[in-house]
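Participant: Need the 3D shape of this:
(one chain, ligands or ions: 1)
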Amino acid sequence: MTDQDKDVVDILSEDHREVEEMFRELESLGVSDPAVQARGRLLVDQVTIALVRHAVAEEVVVYPAVKERVSEEEAERAKREHAEAEESMKALERLDPEDPSFDQEIRKLMTEIRTHVAEEEGEMFPHMREVMSREELVKLGGQVEAIKAMAPTRPHPSVPNEPGPRLAAGPVAGLFDRLRDLASGRGKEG
Ligand SMILES: [Fe+2]
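Facilitator: Okay, here's the model as predicted:
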């Protein structure tokens with residue numbers, strides 16, 4: 001499959017697999033020596049970066065289309081789930097890996113995201129493929145990639161999960177997040 005052949009469902013499902021791989025590694029860590037904790041922090045930062053970009057792209061591009069063409073209820077439920085996961089990511093951003101709540105928050109986040117992914121892949125995505133043309137799905141895919149390229153990399157739970165505010169806050173928050181990431185080496189090995 002070339003990049004041009006990918007539709008929005010392929011792209012979002014790939015994001016889900018990538019996050020699930022990081023979750024599996026996080027689950028396998030478990031031991032609390034400092035090297036393992038450093039790896040845990042790196043993985044949590046990488047998971048957060050991937051999830052925030054994915055969530056913003058879904059909220060700006062995908063959910064409005066789902067609301068219009070598939071079901072308002074499915075779009076609203078997905079947005080609520082994003083808001084909850086964003087709170088967990090914010091908590092994790094503030095916690096040290098040696099803090100006992102760090103592990104607890106990771107588990108909470110994994111449960112939230114896995115439920116959300118199961119719902120999207122089990123219901124929303126098949127429904128989108130039922131009612132939308134291939135052309136439409138490919139076009140949405142292109143828009144998702146464009147938003148992901150400029151989306152924030154840190155959770156911003158105070159920004160409402162609506163396309164307008166997300167888009168307005170996106171480039172500024174995204175730039176600011178990236179500068180902070182650059183300065184701190186966040187999400188980068190060694
Ligand atoms: Fe998703």
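Participant: Give me the residue ranges of the protein where confidence is low.
Facilitator: 1-4, 30-32, 158, 166-176, 178-180, 182-183, 190 (pLDDT under 70).
Participant: Grab the most central residue of it for me.
Facilitator: Leu51 (1.9 Å; Cα atoms, centre = their mean).
Participant: residues contacting it?
Facilitator: 19, 85, 89, 113 (Cβ atoms under 8 Å, 6 or more residues apart in numbering). (C-beta placed from N, C-alpha, C; glycine too.)
Participant: In helices, which of the residues you listed appear?
Facilitator: 19, 85, 89, 113 (DSSP state H).
Participant: Any chance of JSON lines for those, columns neighbour count and distance to Asp177?
Facilitator: Converted to JSON lines, the ones in helices among the contacts of Leu51 look like this (neighbours: other Cβ atoms under 10 Å; distance: Cβ to Cβ, whole Å):
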{"residue": "Val19", "neighbour count": "20", "distance to Asp177": "18"}
{"residue": "Ala85", "neighbour count": "24", "distance to Asp177": "17"}
{"residue": "Met89", "neighbour count": "25", "distance to Asp177": "12"}
{"residue": "Ile113", "neighbour count": "24", "distance to Asp177": "20"}
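Participant: Return the member of these nearest to Pro157.
Facilitator: Met89 (8.3 Å; Cβ to Cβ).
Participant: Now do the buried residues in the helix or strand hosting Arg129.
Facilitator: Using DSSP states H and E, Arg129 falls within helix 125-131. Buried residues in helix 125-131, counted by 16 or more other Cβ atoms under 10 Å: 125, 127-128.
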